[in-house]
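Student: Quick one, what's the 3D model for this:
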Amino acid sequence: MKFSIIIPVYNVEKYLRQCLDSVLAQTYPDWEAICVNDGSTDSSPAILKEYADKDKRIKVIHQSNMGLSGARNTGIRESQGDYLFFLDSDDWIDVEGLGRLSGVIEGEDVVCFNGVVYEENNDYYNQPDVLCNEEFEDGWSFYSKYACENRQFNFTIVWNKCYRRVFLLKNDLWFYPGIYHEDNLFTPIVCYYAKRVKQISIPIYYYRIRAGSIMTTSDFLEKAIDTVFIANYLSNFFVPISCIEKTTIYRIINNQYIAALRQSNAKDDGEIKNKINWKSFRKCSRTKLRHKVLFRLAKVSPALLRFLMQCHWV
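Tutor: Coordinates of the predicted model:
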């Protein structure tokens, strides 16, 4: 079996049929869809049963609510395909998507592809990014080249990539449970371990921007705390490593710390500052003069940091 499509499902009755219809419409037949119902309280479970009864390639797993990471991890454990494709249940894929991927995959650990952003409120499709067709002999070269590039899709997202299942399992690569921005933690470490990576320009994924999604309703303080957690985790992982070039990852970690403080406010600054690994923050701020300035401002006065950044003075 070539592809395992992992679909976490939580209260998406309005969008789930379009997502599953796009899977059933694939011109490439060698796939399984693992739908993980993560404690939905709407009609999503009934819709999943309807589709599973319609096609035996659709497998439904029910679990109590564990969040996006927990649902994806369940999907990984249950998968049988050579490659894993993560599809959010309010998005959909091009009908030729899996076929096009099958035509370019040649044993890579990770294959990155293009996508289209759909703005639901405006009923508008954005133009896809202009991507180069490239091959990399190691994932870290891919990460170092593109992690800081400005794209419609943040580099770290997982749903514009497919992953060789054996590669993830061999390196014990899982999503960290119970945090926001879990992709920001998963992707750099995946790229560190990956041996071969390919990027293709073909738009395969359709990403829906809608009101009510996790990223539009989540609590700012919780997100800021999780952002600090990810920065601390990445710094603990990468700082001791001496065999790779670390300018890009240090820049990313530095930006994570700054982003956490920018999401905060005066009443929460103390809590956020207490969670920051300041030794790591300082280490990662040494690559650029601007980062050194931001580090000093963050340590002395997050409020001043926010004001100066809002005014574009730093």
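
Student: for the helix or strand hosting C191, packing partners?
Tutor: Using DSSP states H and E, C191 sits within helix 182-193. Secondary-structure packing of helix 182-193 (3 or more Cβ pairs under 8 Å, 6 or more residues apart in numbering; DSSP states H and E): helix 139-146, helix 220-238, helix 247-263. Yep, even glycine has a C-beta here, placed from its N, CA and C like the rest.

Student: angle of that helix against helix 139-146?
Tutor: For helix 182-193 against helix 139-146, the angle by axes from the mean of the first three to the mean of the last three Cα atoms, to 10 degrees is 130 degrees.

Student: Return the distance of helix 182-193 from the chain's centre.
Tutor: Here the centre of helix 182-193 is set off from its chain's centre by 9 Å, with Cα atoms, centre = their mean, to the nearest Å.

Student: per-residue confidence averaged over that helix?
Tutor: Helix 182-193 carries an average pLDDT of 98.

Student: then the helix or strand following it to CSV, C-alphas only?
Tutor: Per DSSP H and E, helix 182-193 leads on to strand 197-209 as the next helix or strand towards the C-terminus. This file holds the C-alpha atoms of strand 197-209, laid out as CSV (Å, rounded to 0.1, in the frame of the first residue of the first chain):
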residue,chain,number,x,y,z
VAL,A,197,14.1,15.2,0.7
LYS,A,198,12.3,16.2,-2.5
GLN,A,199,10.3,19.4,-3.1
ILE,A,200,7.8,19.7,-6.0
SER,A,201,5.9,22.7,-7.3
ILE,A,202,2.6,20.9,-7.9
PRO,A,203,-0.3,22.3,-5.8
ILE,A,204,-1.9,19.2,-4.2
TYR,A,205,-3.4,20.4,-0.9
TYR,A,206,-6.3,22.9,-0.4
TYR,A,207,-6.1,24.6,3.0
ARG,A,208,-9.3,26.3,4.3
ILE,A,209,-9.1,29.5,6.5
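
Student: what's strand 197-209 packed up against?
Tutor: Contacts defined by 3+ Cβ pairs under 8 Å, 6+ apart place strand 197-209 against strand 92-93, helix 97-104, strand 110-119, strand 134-136, helix 139-146.

Student: Need the winner for burial among these.
Tutor: Counting by mean count of other Cβ atoms under 10 Å, strand 92-93 has the highest mean neighbour count of the helices and strands packed on strand 197-209, with a mean of 22.

Student: That one pairs with which strands?
Tutor: Each strand paired with strand 92-93, and its direction, by DSSP bridges: strand 197-209 (antiparallel).

Student: and the strand it pairs with, which residues are buried?
Tutor: Across strand 197-209, burial judged by 16 or more other Cβ atoms under 10 Å covers 197-200, 202-209.

Student: Now tabulate the residues you listed in TSV and tack on distance to H62.
Tutor: Formatted as TSV, the buried residues of strand 197-209 follow (distance: Cβ to Cβ, whole Å):
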residue	distance to H62
V197	35
K198	35
Q199	36
I200	35
I202	34
P203	33
I204	28
Y205	26
Y206	26
Y207	26
R208	24
I209	28
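
Student: between these, which is nearest C243?
Tutor: Nearest to C243 out of the buried residues of strand 197-209 is V197 (Cβ to Cβ; 17.7 Å).

Student: Quick check: which of the helices and strands packed on strand 197-209 is nearest to Y233?
Tutor: Closest approach to Y233 among those (Cβ to Cβ): helix 139-146, 16.1 Å.

Student: for the closest one, packing partners?
Tutor: Right, helix 139-146 is packed against strand 110-119, helix 182-193, strand 197-209, helix 247-263 by 3+ Cβ pairs under 8 Å, 6+ apart.

Student: hmm, try it at 7 Å
Tutor: Secondary-structure packing of helix 139-146 (3 or more Cβ pairs under 7 Å, 6 or more residues apart in numbering; DSSP states H and E): helix 182-193.

Student: How about residues contacting the helix it packs on?
Tutor: 68-69, 110, 139-140, 142-143, 156-158, 171, 173, 175-176, 230, 233-234, 237, 249 (Cβ atoms under 7 Å, 6 or more residues apart in numbering).
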